[in-house]
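Trainee: whatever this is, show me its structure:
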Amino acid sequence: MSIAGIISTVDGFIWGPPLMVLLVGTGLYLTFLLRFIQVRGFTHALGVIAGKFDSPDDPGEINHFQALAAALSATIGTGNIVGVAAAILMGGPGAVFWMWVTAVVGMATKFTSCTLAVHFRRIDEGGEAHGGPMHFIEQGMGPGFKWLAVLFAVFTMVASFGIGNMFQINNIAVSLRTLLLGEGAPKSLGFDLTAGLAVAAMVALVIIGGIRSIGRFAAKIVPFMSLFYVGAGTLILLINISRVPEAFQTIFYHAFHTPEAVSGGLLGTVIRFGVARGLFSNEAGLGSAAMAHGAAKTKEPVREGLVAMMGPFIDTIIVCSITALVIITTKAYIVCDVEGVLTSRAFETGLGSSLGGELVSIGIVLFAFSTLVSWSYYGDRAVDYLFGRKAVMWYRIVYCGFIVLGACITIGTVIDFSDAMNGLMALPNLIALVALSPLVARLVKDYARRHLRN
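Mentor: Prediction:
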């Protein structure tokens, strides 16, 4: 077997059933331990996001909304467009139901990791926040587990160059080529190089200012790109409003009754692809969002955890659902079996025009660009932890260089390797979440006594 084949096999194993069981199992455990915090804290979280509890005197670098926007700009990406299409093609419409289940239990997982990130973070003399799984692993579990924190940081750093960088810019280059040169336009080194240089320059302008600049940028682009995509999808659903109830019926029916077309009719296939694509989209359990939320201005760790748990809800329950419902109501998944173009075909069918495909391409460009920006911060925090503050600027320079490289080359094997690192981030994070869950339960009990009963 070739090196590429080995890497692909390892990637498939890491993102296989064992990791799915660990991620969902941890989410279920935390859901019950924290007494369904994603339900009883939902309305309070909306108030926090709206700025009801913001205080300029609180420690941190960005407000609650900016922290959520920064984390969402990393998770609302091409997975919301292409990933959902892949889940439906490989697992049938029923996979969407299991994506929803994954998002709901993932809310508890993300709540826990981001609560811990704020609780164990360090604010340096310059006011810069240092939070995330590597910090709560080392400080919460003790110096004897520093090796686990280092592993998480290494996995994050490597993943930032692949799934957070080269995969995103490659999708941007393809989408721009489709938009500007027409569908099916051949790959052009000159065009891709120009696109790579332009995107790298724009990313550099944002990330040079660190999380404060990223937070301000995300607070503007995330609402815009989400409303743009969700608005276009909602328009299609309104045009096909009579088919929407049938689409929900199809999703719920096929969640438990599998068509023979799906891997011989195995229900496990439906669940697997729904769970896998859901986790890949909202990143609940990977620990990445904890680095963004760890920079939030707050004295209350639980308060930021409540903000963070809204991430999987917005990413999967809202944005991914729009993609899924458009694909199912237009029945595009029946006549198109290529995941890369299925969503475009669904939007074109729904609008009765090629404009639908162009809207999807614009959505991919916006989603991928925002992911590029936020994943740079995740790698930034990992490098800061591993090598110190002086190495961060060099990392940012190299990161922008990889944007140019990723636009110009074929990246299959690179992405498989990076994707594996992305999945491995979950292991140290999940170990820490379970080990420190009693502490989180105590923090929640105290916060609920003071705020959630009012």
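Trainee: quick check: longest helix of the protein.
Mentor: In terms of residue count, the longest helix belonging to the chain (DSSP state H) is helix 355-387.
Trainee: so where's this protein uncertain?
Mentor: 1, 258-269, 336-340, 414-415, 453-454 (pLDDT under 70).
Trainee: now do the contacts for the residue positioned nearest the centre of it.
Mentor: Centroid-nearest residue in the chain: residue 75, 2.1 Å away (criterion: Cα atoms, centre = their mean). Each residue near residue 75 by Cβ atoms under 8 Å, 6 or more residues apart in numbering is listed here: 281-283, 289, 311, 315, 371. To be clear about C-beta, it is placed using only N, CA and C from the backbone, and glycine gets the same treatment.
Trainee: nearest to residue 36, of these?
Mentor: residue 311 (17.3 Å; Cβ to Cβ).
Trainee: now for that closest one, how many residues are close by?
Mentor: As a burial measure, residue 311 scores 28 neighbours (other Cβ atoms under 10 Å).
Trainee: go on, the one 3 residues further on?
Mentor: Residue crowding around residue 314 was assessed by other Cβ under 10 Å; the count is 21.
Trainee: cool, and residue 229?
Mentor: 24.
Trainee: if we can go back for a sec, for residue 90, see how far away the residue nearest to the centre of the chain is.
Mentor: 21 Å (Cβ to Cβ, to the nearest Å).
Trainee: residue 255 too?
Mentor: From residue 255 to residue 90 the distance is 15 Å (Cβ to Cβ).
Trainee: before we move on, what about residue 49?
Mentor: From residue 49 to residue 90 the distance is 34 Å (Cβ to Cβ).
Trainee: for the following helix or strand past the longest helix of the chain, which positions count as buried?
Mentor: Using DSSP states H and E, the next helix or strand after helix 355-387 towards the C-terminus is helix 390-408. Buried positions in helix 390-408, judged by neighbour count with 16 or more other Cβ atoms under 10 Å: 392, 395-396, 399-400, 402-408.
Trainee: can I get helix 390-408 in CSV, CA atoms only?
Mentor: Output in CSV follows, covering the C-alpha atoms of helix 390-408 (Å, rounded to 0.1, in the frame of the first residue of the first chain):
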residue,chain,number,x,y,z
LYS,A,390,7.9,35.0,19.8
ALA,A,391,7.1,32.0,17.5
VAL,A,392,3.5,33.3,16.9
MET,A,393,4.4,35.9,14.2
TRP,A,394,6.5,33.3,12.3
TYR,A,395,3.5,30.9,12.5
ARG,A,396,1.2,33.6,11.0
ILE,A,397,3.7,34.2,8.1
VAL,A,398,4.0,30.5,7.4
TYR,A,399,0.2,30.1,7.6
CYS,A,400,-0.3,32.7,4.9
GLY,A,401,2.3,31.0,2.8
PHE,A,402,0.3,27.8,3.0
ILE,A,403,-2.8,29.6,1.7
VAL,A,404,-0.9,30.4,-1.5
LEU,A,405,0.4,26.8,-1.7
GLY,A,406,-3.0,25.3,-1.0
ALA,A,407,-4.6,27.3,-3.8
CYS,A,408,-2.2,25.8,-6.4
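Trainee: could you check which of residue 255 and residue 90 is surrounded by more residues?
Mentor: Counted by other Cβ under 10 Å, residue 255 and residue 90 do not tie: residue 255 has more neighbours, with 22 against 18.
Trainee: quick one: residue 286 from residue 39, how far?
Mentor: 23 Å.
Trainee: of those two, who's got more company?
Mentor: residue 286 (30 against 12).
Trainee: am I right that that one is in a helix?
Mentor: No. Assigned with DSSP: H, G, I helix; E, B strand; the rest coil, residue 286 falls outside any helix and is coil.
Trainee: how far away is it from residue 23?
Mentor: 8 Å.
Trainee: and for the two, which residues touch both?
Mentor: With Cβ under 8 Å, 6+ apart as the test, residue 286 and residue 23 both reach 279, 426.
Trainee: for the contacts of residue 75, pick the one with the most neighbours.
Mentor: Within those, neighbour counts (other Cβ under 10 Å) peak at residue 282, which reaches 32 neighbours.
Trainee: wait, what's in contact with that residue?
Mentor: 75, 102-103, 106, 110, 311-312, 315-316.
Trainee: go on, residue 408?
Mentor: Residue 408 makes contacts with 189, 192-193, 196, as judged by Cβ under 8 Å, 6+ apart.
Trainee: what segments of the stretch 151-300 of the chain are strands?
Mentor: Counting by DSSP state E, counting those that start in this stretch, one finds no strands in the stretch 151-300 of the chain.
Trainee: among the contacts of residue 282, which lie within helices?
Mentor: 75, 102-103, 106, 110, 311-312.
Trainee: wait, which of these is closest to residue 86?
Mentor: For those, the nearest to residue 86 is residue 102 (14.9 Å; Cβ to Cβ).
Trainee: leaving out chain neighbours, which residue sits closest to the closest one?
Mentor: Leaving out its chain neighbours, the residue that sits closest to residue 102 by Cβ to Cβ, 6 or more residues apart in numbering is residue 278, at 3.5 Å.
Trainee: wait, the one you found touches residue 103, no?
Mentor: Yes. Proximity of residue 278 to residue 103 meets the contact threshold set by Cβ atoms under 8 Å, at 5.8 Å.
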